[in-house]
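Student: Okay, predicted coordinates and the sequence, questions at the end:
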There are 2 protein chains.
Amino acid sequence: MELSVKVNDCKECIYRSWAFKNLSDDELKLINSRKKEKFFRKGELVCLEGDTVTSFLYLQTGLVKLYKTESNNREHIISIAKPMDFIGLLSIFSNTVHVYSITAIEDSIVCLVDLEVIKNLIKTNGVFAIDFFEKISKVADSVIKTRVDINTRQLRGRIAYILLHFSKHIYNSSKFNLPISRKEVAELIDMSTENVIRVLSEFRKDKIIQIEGKNIEILDIKRLEKIYDLG
Amino acid sequence: MELSVKVNDCKECIYRSWAFKNLSDDELKLINSRKKEKFFRKGELVCLEGDTVTSFLYLQTGLVKLYKTESNNREHIISIAKPMDFIGLLSIFSNTVHVYSITAIEDSIVCLVDLEVIKNLIKTNGVFAIDFFEKISKVADSVIKTRVDINTRQLRGRIAYILLHFSKHIYNSSKFNLPISRKEVAELIDMSTENVIRVLSEFRKDKIIQIEGKNIEILDIKRLEKIYDLG
DNA sequence: CGCGGCTTTGATGTTCATCAAGTAAAGTGG
DNA sequence: CCACTTTACTTGATGAACATCAAAGCCGCG
């Protein structure tokens, strides 16, 4: 059930990232005429691995996950994108098809801009080109950094990582509602579902966090950071 | 011992990547005047994590490794760049300092182009901008893909991966001289040095490869590919 | 020639995935 | 709305995968 609405004028868009700041009114009008805002309910597929890339995807609100489906049907989550993130990563330049599947993990609004319009703007507006690549590079860079961070740590450090990540970078609060299942956490940080639960329980017993289903509160952030640092 | 020479005219450079194909003679001349070719002996440092990024780095010949030094002084290799690769990854846009250190693992020639020149070309030559980002995106994309590939496999699959990687993508031969130590292999694919050796010995006993120090020959590529596929 | 780093093999212990089994929660169809 | 099914969550027990430790040979280099 995917709603397709064209609500906002790009010019007034409060979600407009700083990568789009150096555009003239005419250029914004152009984007506006070639963009769609789509609403995706939690759990809905945004795009599938292998789909041709026709739009540049920008997350206005909500959360989405990027993942690959392995041969054994297991999913492997590459990253979770938050509002203002460009989703779809670098595929828009390096590939004609999406390398990862994307699914909404919270009700989300995705802004789809015709890729040709973006490419034309890059060609004609040099300042925009630089801004744009700066932003897109940061997203890709942080994906690489995260993958390395996770893979050089062991289980407790990895759980500490996602708890801190959700708390600091996504919800800005020590108390939040985990948007993904234990299984998805496992797929995101390369561990088994059982061990995700085990480590979370451990942290609860140690009074580092409080858990009630998906409601999580970080009680002792200092210790959590220490666990993360030590790996 | 770092030699700084300005040998080639960019226009005649046989290492010129297709990202630089859509440049006018004047533009090439501009690059030429603001570039240096530096020779790095095997083992020499190209740049250190934290150095300010002033040049765009392009590998003409040789091999270099990108790596991070962990707090416990252990190195963690992110990727190995081969000729025609842009090294330094996306940091040129996303950061003012290098995120990774770079060291030559074979005698190498690196072409350093003043970053401002590149950024100006992006601003003024739209077609170049697109070409350039296409290429740079591919490099970054493949780094992400590789990290995921490695981390979803276990030891035998990881060793199979680097053997196939060096054979297919770097040396184009079933017989090659491993440019890095066992320890560095371990740092590249997240395993202990001892287990790198153990798995290599195993493969030798199984007649999959032949080893004499750093000289490696792949005898049974089909089985190696199978081991890689199975993880 | 001796020292330090690289390589190799075996033994040991830790970390972690997997299996099993049970409970709770959340859909689903009548 | 309730019985039914499925999916998510949780805990314990087991074994496999892997890192670490230890010891010895090897090679390059000052």
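Tutor: Sure thing, it's come through.

Student: wait, does stretch A:152-160 make contact with DNA strand D?
Tutor: No. Using Cβ under 7 Å from any atom of the strand, stretch A:152-160 never reaches DNA strand D; the gap is at least 9.1 Å. In short, each C-beta sits where N, CA and C put it, glycine included.

Student: Backbone dihedrals for A:A19, both of them.
Tutor: phi -70, psi -20 (degrees, to the nearest 10).

Student: In contact with it, which residues?
Tutor: Counting by Cβ atoms under 8 Å, 6 or more residues apart in numbering or on different chains, A:A19 makes contact with A:128, A:131-132, A:134-136.

Student: Next: A:L30.
Tutor: A:117, A:121.

Student: Am I right that it is in a strand?
Tutor: No. Looking at A:L30 with DSSP: H, G, I helix; E, B strand; the rest coil, it is helix, so not inside a strand.

Student: pLDDT score for it?
Tutor: Predicted confidence (pLDDT) for A:L30: 89.

Student: Longest helix of chain A, counting residues only.
Tutor: Using DSSP state H to define each element, chain A has its longest helix at helix A:126-151.

Student: Run the contact check for whatever helix or strand comes next after it versus chain B.
Tutor: Helices and strands here follow DSSP states H and E; after helix A:126-151, the next one along the chain is helix A:155-164. No. Using Cβ under 8 Å from any Cβ of the partner chain, helix A:155-164 stays clear of chain B, coming no nearer than 11.6 Å.

Student: How about residues contacting stretch A:165-173?
Tutor: Under Cβ under 8 Å, 6+ apart, the answer for stretch A:165-173 is A:63, A:80, A:82, A:174, A:176, A:178-179, A:216, A:218, A:221.

Student: Check the model's average confidence along it for me.
Tutor: Mean predicted confidence for stretch A:165-173 is 94.

Student: So what would you say the end-to-end distance of that stretch is?
Tutor: 11 Å (Cα to Cα, to the nearest Å).

Student: cool, stretch A:172-181 as well?
Tutor: 20 Å.

Student: What distance separates the opening and closing residues of stretch A:183-197?
Tutor: One end of stretch A:183-197 sits 9 Å from the other (Cα to Cα).

Student: Name the member of the contacts of A:A19 that has the highest neighbour count.
Tutor: A:I136 (25 neighbours; other Cβ atoms under 10 Å in any protein chain shown).

Student: Cross-check the contact I'm expecting between that one and A:F86.
Tutor: Yes. A:I136 is within contact range of A:F86, at 5.6 Å (criterion: Cβ atoms under 8 Å).

Student: and the residue positioned nearest the centre of chain A, bridged to which residues?
Tutor: When Cα atoms, centre = their mean is applied to chain A, the residue found nearest the centroid is A:A81 (0.7 Å). Beta bridges link A:A81 to A:V64 when assigned by DSSP bridges.

Student: how many other residues sit next to the residue nearest to A:K35 when sequence neighbours are not counted?
Tutor: In space, and not counting its chain neighbours, A:K35 is closest to A:V113: 4.4 Å by Cβ to Cβ, 6 or more residues apart in numbering or on different chains. By the criterion of other Cβ under 10 Å, A:V113 has 20 neighbours.

Student: Next one: A:V113 from A:I92, what distance?
Tutor: Here A:V113 is placed at a distance of 10 Å from A:I92 (Cβ to Cβ, to the nearest Å).

Student: Quick check: residues of chain A near DNA strand C?
Tutor: Counting by Cβ under 7 Å from any atom of the strand, chain A sits next to DNA strand C at A:154-156, A:190-192, A:194-195, A:213.

Student: Just the buried residues out of the residues you listed, in PyMOL syntax.
Tutor: Those of the residues of chain A next to DNA strand C that count as buried under 16 or more other Cβ atoms under 10 Å in any protein chain shown are selected in PyMOL with:
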select buried, chain A and resi 155+156+190+191+195
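
Student: and A:I218, backbone torsions?
Tutor: phi -90, psi 120.

Student: Spit out the contact partners of the closest residue to it other than its chain neighbours.
Tutor: Sequence neighbours aside, A:S174 is the residue nearest to A:I218 in space, at 4.4 Å (criterion: Cβ to Cβ, 6+ apart). A:S174 sits next to A:167, A:217-219, A:221 when contact means Cβ under 8 Å, 6+ apart.
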